[in-house]
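Enquirer: any chance you could fold what I've pasted below:
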Amino acid sequence: MFVTERDFWVGTYGPGIYRMRRGADGVLGAPELAVEATRASYLAEHPDAPILYAVGEEPEGSLLTFAVERGGRLRPLDSRPVPADPCHLAVRPDGGTLLAACYTAGAVAAQALDGDGGFVGDPTILSGSGSGPNAERQEGPHAHCTLWAPDGTALSTDLGADLIRAYRLEGDTPRQVAEIPVPAGYGPRHLALHPSGHLYLITELEPRLLVLTPGDSYADLTVTGESAALADTSATGGEKLGAAIKIGDGGGFVYTSVRGADAVTAHRVLDGGAALEPVADVDCGGHWPRDLHVDGPWLHVANERSEDVTSFRLDARTGVPAQNGQPVSVPTPVCLIAARD
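Expert: Reported below is the predicted structural model:
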């Protein structure tokens, strides 16, 4: 059981990046504006240096760096232009490269970093191509997520082309080495790595979960399992869009959010990580849930359209979340990450 307090960074479509504190009872405190930044939606911390990265999710996209200062303030350091609407970030575990998925442009930006976490030169842009059967959402490539696999392979989802793209580094420059297809029209969104080595993918346009198993490397992935992103699949009508996927502590459960249904779902991990089974849906406590953050025995949910963050207590046996305290108002929250202690 966690008994200490912990701080979180909140990326938003609002006036900037916020800092929130979770008390020892799991209840979230009021947010404090750490820095003003336009549409600083998705965030990532450097693994060693006191640096926070953010995307500027705008038509003229940008990567941003901030120094983390005492008292929870952020000081702007540097920026780089990237293609339109970057929406996700991932830092290589050794701190050498920052990847950003640029949604509207359908491209991945790879930014080299120095030993202190600063930008080196300009980003390398890796353009995507392709389309899918959903004419409204899949008219072209739409990069949505980036992830570094344990063997150093970089992965990116392409919602528009129904693909996962795999890259390998040549020096500091990634080169595409594979494309892994997913079912047509599903719209791959976010990836999560399970301790077993399996990858889990939540798809947006069809709210489903896919299990991907690596072969000789993470550039050689095969879809080996599929299940629903919601436990209750009987409801009809209305838009239901998969959003986030996170692994519970210990790897026994997985958590997802689905917009439209306004639900957070607990999934049981089976067969050593090879399969997922939805257990229960719970109300997200707001409207239009985006990111999730597993925080030991707690789960926090960023509800974009109701403009609040909700905290839940996770049942240790069943994995099912139960709301813990009242939602806390935050302007258009879309990303939650833990601040380094």
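Enquirer: quick one: secondary structure of G130?
Expert: In the three-state summary, G130 is assigned as coil, counting by DSSP: H, G, I helix; E, B strand; the rest coil.
Enquirer: low pLDDT regions in this structure?
Expert: Using pLDDT under 70 as the threshold, the predicted model of the chain has low-confidence ranges 1-3, 236.
Enquirer: and G225, what does it touch?
Expert: For G225, the contacting residues are L210, V211, A274, A275, L276, by Cβ atoms under 8 Å, 6 or more residues apart in numbering. Yep, even glycine has a C-beta here, placed from its N, CA and C like the rest.
Enquirer: could you measure it against A49, distance?
Expert: With distances defined as Cβ to Cβ, to the nearest Å, the gap from G225 to A49 amounts to 38 Å.
Enquirer: now do S129
Expert: Distance from S129 to A49, by Cβ to Cβ: 35 Å.
Enquirer: kindly check the end-to-end length of stretch 17-34 for me.
Expert: Counting by Cα to Cα, to the nearest Å, you get 6 Å between the two ends of stretch 17-34.
Enquirer: what sits up against it?
Expert: Around stretch 17-34, the neighbours that count as contacts under Cβ under 8 Å, 6+ apart are 2-12, 15-16, 35, 37, 40, 43, 52, 54, 66, 72-74, 295, 297-298, 300, 309, 311, 313, 324-325, 328-331, 333, 339.
Enquirer: of those residues, which qualify as buried by neighbour count?
Expert: Using 16 or more other Cβ atoms under 10 Å as the burial test, those include 6-12, 16, 35, 37, 40, 43, 52, 54, 66, 74, 295, 297-298, 300, 309, 311, 313, 324, 328, 330-331, 333, 339 as buried.
Enquirer: the host helix or strand of P81 pairs with which strands, and in what direction?
Expert: P81 is part of strand 74-82 when elements are defined by DSSP states H and E. Taking DSSP bridges as the criterion, strand 74-82 forms sheet pairs with strand 61-68 (antiparallel).
Enquirer: for the nearest residue to L155 once chain neighbours are set aside, give me its contacts.
Expert: Setting aside the residues directly before and after it, L155 is nearest to L147 in space (Cβ to Cβ, 6 or more residues apart in numbering), at 4.8 Å. When contacts are counted by Cβ under 8 Å, 6+ apart, L147 is found next to A90, A154, L155, S156, L191, A192, L193, L199.
Enquirer: how much space is there between L147 and G72?
Expert: Using Cβ to Cβ, which is the criterion applied here, L147 is 28 Å from G72.
Enquirer: compare S129 and A49 (neighbour count), which wins?
Expert: A49 (18 against 12; other Cβ atoms under 10 Å).
Enquirer: what's the neighbour count on the closest residue to the more buried one other than its chain neighbours?
Expert: Taking Cβ to Cβ, 6+ apart as the measure, A49 lies nearest to G117, with 3.7 Å between them; neighbours along the chain are not counted. When neighbours are counted by other Cβ under 10 Å, G117 registers 23.
Enquirer: dump the residue contacts of G117.
Expert: When the contact criterion is Cβ under 8 Å, 6+ apart, the partners of G117 are H46, D48, A49, I51, T65, G95.
Enquirer: rerun that using 10 Å as the cut-off
Expert: The contact partners of G117, taken as Cβ atoms under 10 Å, 6 or more residues apart in numbering, are 45-53, 65, 67, 77-78, 91, 95-96, 98.
Enquirer: what do you get for P297?
Expert: P297 makes contact with M1, F2, G26, G248, D249, F312, R313, L314, D315, A316, N324, according to Cβ under 10 Å, 6+ apart.
Enquirer: can you check S217 too?
Expert: The contact partners of S217, by Cβ under 10 Å, 6+ apart, come to A149, P150, D151, G152, T153, A166, R168, V177, A178.
Enquirer: pull out the buried members of the residues you listed.
Expert: The neighbour-count test (16+ other Cβ under 10 Å) applied to those identifies A149, T153, A166, R168, A178 as buried.
Enquirer: next, the closest residue to the fourth one other than its chain neighbours: phi, psi?
Expert: Distances taken as Cβ to Cβ, 6+ apart place V177 nearest to R168, at 5.0 Å, with adjacent residues excluded. Dihedral pair for V177: phi -120, psi -10, per degrees, to the nearest 10.
Enquirer: so which bits of stretch 221-231 are buried?
Expert: In stretch 221-231, counting by 16+ other Cβ under 10 Å, buried: L221, V223, G225, E226, S227, A228, A229, L230, A231.
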